[in-house]
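J.: Here is a sequence together with a model predicted from it:
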Amino acid sequence: MNSPTVQEFDTYAAYRAALLEAIRRAEREIVLFDPDLGETGLESLDGAEVLKHFLVRASGRECLRALLVDTGRLDRASPRLLHLLGTYGHKFAVRTAPGDDPLQALHQPFAVIDRRHLVTRFHEDRPRGKACLDDPAACAPYFAQFETIWINAQPAQSGAVIGL
């Protein structure tokens with residue numbers, strides 16, 4: 001096992017780069033909490049490709065889970081992510097929490113990859129944050145928080161096209 005490393009960032013470009021690098025390391029599971037995925041860069045060509053490569057090689061159901069406060073951006077302005085949802089719906093799940101849920105009070109977007117890598121912004125309105133690589137201890141509280149909210153969250157956009 002590699003020694004834990006921490007990289008701090010203070011721009012959205014550096015945040016997106018750190019997130020994509022962590023996702024490239026993914027083998028089994030990615031969990032994301034974000035208000036709307038708008039600042040993640042996952043809708044970009046490179047972001048969608050990185051996610052697609054993960055979804056192709058990962059096994060198991062719902063190995064990519066995204067918990068959003070608002071799915072409006074996903075529904076209206078994320079054709080690449082919607083395509084991935086439609087193609088890999090058995091591996092990619094999106095949920096949202098009701099308005100009275102504690103998720104509404106959570107203002108720190110994060111991604112936990114394989115319970116070993118963490119990328120987080122300290123507040124949803126600012127780019128400043130950190131990436132903790134090869135650090136399960138740093139990931140544990142975020143993963144536990146995600147699981148607690150996921151249980152009560154509502155299914156969101158499926159991405160599936162129904163042919164009638």
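T.: Arrived safely.

J.: how about the longest helix seen in the chain as PDB, C-alpha atoms only?
T.: Using DSSP state H to define each element, the chain has its longest helix at helix 136-152. Extracted in PDB, the C-alpha atoms of helix 136-152 (Å, rounded to 0.1, in the frame of the first residue of the first chain):
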ATOM      1  CA  PRO A 136      -8.800   5.100   3.900                       C
ATOM      2  CA  ALA A 137      -8.900   6.900   7.300                       C
ATOM      3  CA  ALA A 138      -9.600  10.300   5.600                       C
ATOM      4  CA  CYS A 139     -12.300   8.600   3.400                       C
ATOM      5  CA  ALA A 140     -14.200   6.800   6.200                       C
ATOM      6  CA  PRO A 141     -16.300   9.600   7.700                       C
ATOM      7  CA  TYR A 142     -17.300  10.900   4.200                       C
ATOM      8  CA  PHE A 143     -18.300   7.400   3.100                       C
ATOM      9  CA  ALA A 144     -20.300   6.800   6.200                       C
ATOM     10  CA  GLN A 145     -22.100  10.200   5.800                       C
ATOM     11  CA  PHE A 146     -22.800   9.300   2.200                       C
ATOM     12  CA  GLU A 147     -24.300   5.900   3.100                       C
ATOM     13  CA  THR A 148     -26.500   7.400   5.800                       C
ATOM     14  CA  ILE A 149     -28.000   9.900   3.400                       C
ATOM     15  CA  TRP A 150     -28.200   7.400   0.400                       C
ATOM     16  CA  ILE A 151     -30.500   5.100   2.300                       C
ATOM     17  CA  ASN A 152     -33.200   7.700   2.600                       C
END
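
J.: got the phi/psi numbers for Gln7?
T.: Note on Gln7: its backbone torsions stand at phi -120, psi 120 [degrees, to the nearest 10].

J.: Quick one: residues contacting it.
T.: Gln7 sits next to Ala18, Lys130, Ala131, Leu133 when contact means C-beta atoms under 8 Å, 6 or more residues apart in numbering. All C-beta atoms are positioned from the backbone trio N, CA, C, and that covers glycine.
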